[in-house]
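Visitor: have a look at this prediction, sequence included:
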Amino acid sequence: MKIPFALSSAFALFLFAALPLSAASAANLKELDTRADGSRVLNMIVHDTPRAVPAFGFVDVDGNRHGLDEFRGKIVALHFWATWCIPCRAELPTVDALQGELGGPHFAVVPSSVDRDGAALVRQYYDDHGIEHLTVYIDEGMDAARAMLVNGFPYTILIDREGREIARILGDRNWMEPDVLALMRKLIE
């Protein structure tokens, strides 16, 4: 049976609207990342189609293992960083503020520290620097960073609600700039 063109076109438009982070909307994410003057908000590397994320885990301050599957249904900013990384240290207060501002049932920052000295060091760093909204997660042996092909720090990978990678951001940012917050809010909608 042949489907009438009008019906198939209507169905295609429905799919496009219903899947805001689908392959068809990579251009939309790129558009969100571009200001009116042509400069970039986050300078993201946006994938044309969402990419599968390899399985990996990280450890919390109590030694419990966690994975990205725990965040399914949320937009996730998987943030790789370290206490010894100067740009990471400068950026982390704004990452913390981003989680405080937008974190909840639809969004989470998952900070994955690659520090070799473990969760106690990161917990102390959080305490010493007033980091209040971020959970301590350690990427033991940098397994997650390697699996995700992270090639520098800080490095943020945006994950869609289905657990697929949609974009990458290398380097530090002020996550509380109005343009950045507006982009993140649109992404979460």
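Guide: Perfect, I can see it now.

Visitor: what helix or strand is residue 109 on?
Guide: Per DSSP states H and E, residue 109 falls inside strand 107-113.

Visitor: which strands and helices sit next to that strand?
Guide: Using 3 or more C-beta pairs under 8 Å, 6 or more residues apart in numbering; DSSP states H and E, the elements in contact with strand 107-113 are strand 75-81, helix 86-102, strand 137-138. Bear in mind the C-beta positions are built from the backbone N, C-alpha and C, glycine included.

Visitor: could you redo the last one with a cut-off of 6 Å?
Guide: strand 75-81, helix 86-102 (3 or more C-beta pairs under 6 Å, 6 or more residues apart in numbering; DSSP states H and E).

Visitor: so what touches the longest one?
Guide: In this case it means helix 86-102. With contact meaning C-beta atoms under 6 Å, 6 or more residues apart in numbering, helix 86-102 is reached by 79, 81-82, 109, 131, 133-134, 153-154, 172, 174-176, 184.

Visitor: buried ones only from the residues you listed, please, as a ChimeraX command.
Guide: Here is the ChimeraX command that selects only those of the contacts of helix 86-102 that count as buried (16 or more other C-beta atoms under 10 Å):
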select :79,81,82,109,131,133,134,153,154,172,175,184
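
Visitor: secondary structure, pLDDT and distance to residue 71 added to the contacts of helix 86-102, as JSON lines?
Guide: What follows is the contacts of helix 86-102, written out as JSON lines (DSSP: H, G, I helix; E, B strand; the rest coil; pLDDT from 0 to 100; distance: C-beta to C-beta, whole Å):
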{"residue": "79", "secondary structure": "strand", "pLDDT": "99", "distance to residue 71": "13"}
{"residue": "81", "secondary structure": "strand", "pLDDT": "99", "distance to residue 71": "17"}
{"residue": "82", "secondary structure": "coil", "pLDDT": "98", "distance to residue 71": "21"}
{"residue": "109", "secondary structure": "strand", "pLDDT": "99", "distance to residue 71": "10"}
{"residue": "131", "secondary structure": "coil", "pLDDT": "99", "distance to residue 71": "19"}
{"residue": "133", "secondary structure": "coil", "pLDDT": "99", "distance to residue 71": "15"}
{"residue": "134", "secondary structure": "coil", "pLDDT": "99", "distance to residue 71": "14"}
{"residue": "153", "secondary structure": "coil", "pLDDT": "98", "distance to residue 71": "21"}
{"residue": "154", "secondary structure": "coil", "pLDDT": "98", "distance to residue 71": "19"}
{"residue": "172", "secondary structure": "coil", "pLDDT": "96", "distance to residue 71": "23"}
{"residue": "174", "secondary structure": "coil", "pLDDT": "97", "distance to residue 71": "24"}
{"residue": "175", "secondary structure": "coil", "pLDDT": "97", "distance to residue 71": "18"}
{"residue": "176", "secondary structure": "coil", "pLDDT": "97", "distance to residue 71": "22"}
{"residue": "184", "secondary structure": "helix", "pLDDT": "95", "distance to residue 71": "15"}
